[in-house]
Each structure stands twice: as structure tokens, then as C-alpha cells.
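Visitor: 3D model of this:
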Amino acid sequence: PGIYIPDEGLAVRLENDVLVTAQGPVDLCSHVPIEPDEIESLLARKA
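Guide: Model prediction:
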């Protein structure tokens, strides 16, 4: 999925990378925050 705001020159896409193994798929992005409150919390810690 993506969000595109042309007037602001902003585009955001959320995609996962998945490693396919003999034991099954492994989501390599499972630790990446994607919910707004998770992202805001991460940004607040970096400030």
C-alpha cells in the first residue's frame, strides 16, 4: 500500500521483505514499526 500527496511532493510505501527458506517464510521486516504511534515513539526517542 502507498500514500501519495502530490501537492507536498510526498510518497510513502510500506513493503515487507520475505526470505523463503526450506522451513518456511521469514518476514525480515517484522521488527520495523509501521503503526503511527510506534513511529512517533521512535522519532521522539531520536530527538
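Visitor: quick one: low-confidence parts of the protein?
Guide: 47 (pLDDT under 70).
Visitor: if I look at the residue lying closest to Asp17 once chain neighbours are set aside, how far off is Leu19?
Guide: Leaving aside its chain neighbours, Asp17 sits nearest to Leu28 (4.3 Å; criterion: Cβ to Cβ, 6 or more residues apart in numbering). (Each C-beta comes from the backbone N, C-alpha and C, glycine too.) When distance is defined by Cβ to Cβ, to the nearest Å, Leu28 is 6 Å away from Leu19.
Visitor: Glu38 now?
Guide: Counting by Cβ to Cβ, the gap from Glu38 to Leu19 is 23 Å.
Visitor: now Ile5
Guide: 32 Å.
Visitor: With Leu42 instead?
Guide: Distance from Leu42 to Leu19, by Cβ to Cβ: 24 Å.
Visitor: what number of residues lie near the nearest residue to Asn16 once chain neighbours are set aside?
Guide: The shortest distance from Asn16 to any non-neighbouring residue, by Cβ to Cβ, 6+ apart, is to Cys29 (4.5 Å). A count of neighbours around Cys29, defined by other Cβ atoms under 10 Å, yields 11.
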